[in-house]
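In: next input, structure requested:
(4 chains)
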Number of protein chains: 2
Amino acid sequence: MSNRALAVETEPLSKDRLRLWLSLLKATRTVESELRERFRLDYGSTLPRFDVMSALSRFPDGLKMSELSGVLKVSNGNVTGIVDRLVAEGLVLRKPVPGDRRAARVLLTQAGVSEFDRQARAHENWIDELLGSVNPADTQSLAEVLRSISNDKEEGSR
Amino acid sequence: MSNRALAVETEPLSKDRLRLWLSLLKATRTVESELRERFRLDYGSTLPRFDVMSALSRFPDGLKMSELSGVLKVSNGNVTGIVDRLVAEGLVLRKPVPGDRRAARVLLTQAGVSEFDRQARAHENWIDELLGSVNPADTQSLAEVLRSISNDKEEGSR
DNA sequence: CTGATATATTTTATACTTGAAACAAATTTG
DNA sequence: CAAATTTGTTTCAAGTATAAAATATATCAG
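Out: A predicted model of the protein is given here:
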């Protein structure tokens, strides 16, 4: 056994990381569940639907299903269902890709664009309120640390 | 229009908060999806099951269903299903509460305790690895900021 | 004691989520 | 070009999640 000193230093750190993870999870769930309720009450909608519309709003020419699930980091089959419902509501459109009969390009309809704009404004205000306790000076640095967590995985898989 | 200066200061802040929220969400989902996969591959289990067992492990005398959903901040009906499966696997037990025929106290079985201990060790190591990019010096302060987000809501509803 | 109300939990309907399998269409390759 | 592989998407089975309704039991007010 090489060094006891290292062991006693190391252990509290992993406990700290565990606590950090639990607080990360709790903060996210708190905000998510509040957002979910507000989307439901104010717009009769859901967070996943909003996420899809939000992704599509950044790509006026639309995204293929696989691109959409790539952007949102959710499974392929998942997106199928959500898009199906958005199509049924007239907010989103599946447009065939010329020259590739497998694929379709998904994009917001006119109605989808204006509905998204409405919801995006509310969403931004809600976030502003729900993250209000974060010191403005900390906001950017905190986001930076969080991005390093997500990026670790991507780096690893390249 | 009272002050243009405030408006131009305020708007970037809400955008910063939005970006913070998006990175918070992404970090959480990255870690969650990695944990989900590892629980599945290494233990044939899931994160929600682990969460339930983790909560129960902190209460050797067990928790009522409503207490459990309170601790985990998930809906009542949700817990019913997860506990049903854990019971079927022999990891958890529903014990009648004497004097109240509505309630049951849920607790880990012997097998549940040792299975949880096994998984908890792995879980701590995984977290240690997945949050490895967070500077040790930042860990505690970051957790603090995150707790302030979750706590806002509780304060508000009291 | 009885009706009203509150509490503990399950059931139900609906939606989201995943991983894997199934399909279909495109592309590559021998 | 035909077979094999890859790509794009949907379908499927199982599990997770919510809100709301249903059920059963307990408690309380009169």
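In: counting by contacts, list what the helix or strand bottoming out on mean pLDDT in chain A packs against.
Out: Lowest by mean pLDDT, DSSP states H and E among the helices and strands of chain A is helix A:136-157, with a mean of 81. Using 3 or more CB pairs under 8 Å, 6 or more residues apart in numbering or on different chains; DSSP states H and E, the elements in contact with helix A:136-157 are helix B:4-43, helix B:110-130, helix B:136-157. From N, CA and C alone the C-beta is placed, and that goes for glycine too.
In: looking at those, spot the one closest to DNA strand D.
Out: DNA strand D lies closest to helix B:4-43 among these, at 9.0 Å (CB to the nearest atom of the strand).
In: quick check, that closest one touching DNA strand D?
Out: No. For a cut-off given as CB under 7 Å from any atom of the strand, helix B:4-43 has no contacts with DNA strand D; the smallest distance is 9.0 Å.
In: so which bits of that helix are buried?
Out: Judged by neighbour count using 16 or more other CB atoms under 10 Å in any protein chain shown, the buried positions of helix B:4-43 are B:14, B:16-21, B:23-28, B:30-32, B:34-35, B:38-39.
In: coming back round to it: relative to the whole chain's centre, how far out is the least confident helix or strand of chain A?
Out: With CA atoms, centre = their mean, to the nearest Å as the basis, the distance from the averaged C-alpha position of helix A:136-157 to the chain average is 14 Å.
In: what's that helix in contact with?
Out: Contacts to helix A:136-157, defined as CB atoms under 8 Å, 6 or more residues apart in numbering or on different chains, come from residues A:131, A:134, B:13, B:16-17, B:19-20, B:23-24, B:26-27, B:30-31, B:34, B:130-135, B:138, B:142, B:145.
In: if we use 6 Å, what do you get?
Out: The contact list for helix A:136-157 (CB atoms under 6 Å, 6 or more residues apart in numbering or on different chains) reads B:13, B:16, B:19-20, B:23-24, B:26-27, B:30, B:133-134.
In: and for stretch A:12-28?
Out: With contact meaning CB under 6 Å, 6+ apart, stretch A:12-28 is reached by B:24, B:28, B:124, B:127-128, B:131, B:136, B:139, B:142-143, B:146-147, B:149-150.
In: flag every residue of chain A that's near DNA strand D.
Out: Taking CB under 7 Å from any atom of the strand as the measure of proximity, chain A contacts DNA strand D at A:33, A:36-37, A:40, A:64-67, A:76-77, A:79-81, A:83, A:94, A:97, A:100, A:102-105.
In: among those, which ones are buried?
Out: A:65, A:67, A:79, A:83, A:94, A:103-105.
In: and the biggest strand by length in chain A with DNA strand C, contact?
Out: Using DSSP state E, we find that the single longest strand of chain A is strand A:100-108. Yes. Strand A:100-108 lies within reach of DNA strand C by CB under 7 Å from any atom of the strand, at A:100-102.
In: make CSV out of the residues you listed and add distance to B:V87 and pLDDT.
Out: Converted to CSV, these look like this (distance: CB to CB, whole Å; pLDDT from 0 to 100):
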residue, distance to B:V87, pLDDT
A:D100, 49, 95
A:R101, 49, 95
A:R102, 45, 95
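In: per-residue confidence for the closest residue to A:S57 other than its chain neighbours?
Out: In space, A:S57 comes closest to A:F116 once its chain neighbours are excluded; the distance is 5.2 Å by CB to CB, 6 or more residues apart in numbering or on different chains. Here the pLDDT value assigned to A:F116 is 98.
In: and stretch A:43-54, what's buried?
Out: Neighbour-count burial for stretch A:43-54, with 16+ other CB under 10 Å as criterion, is recorded at A:45, A:47-54.
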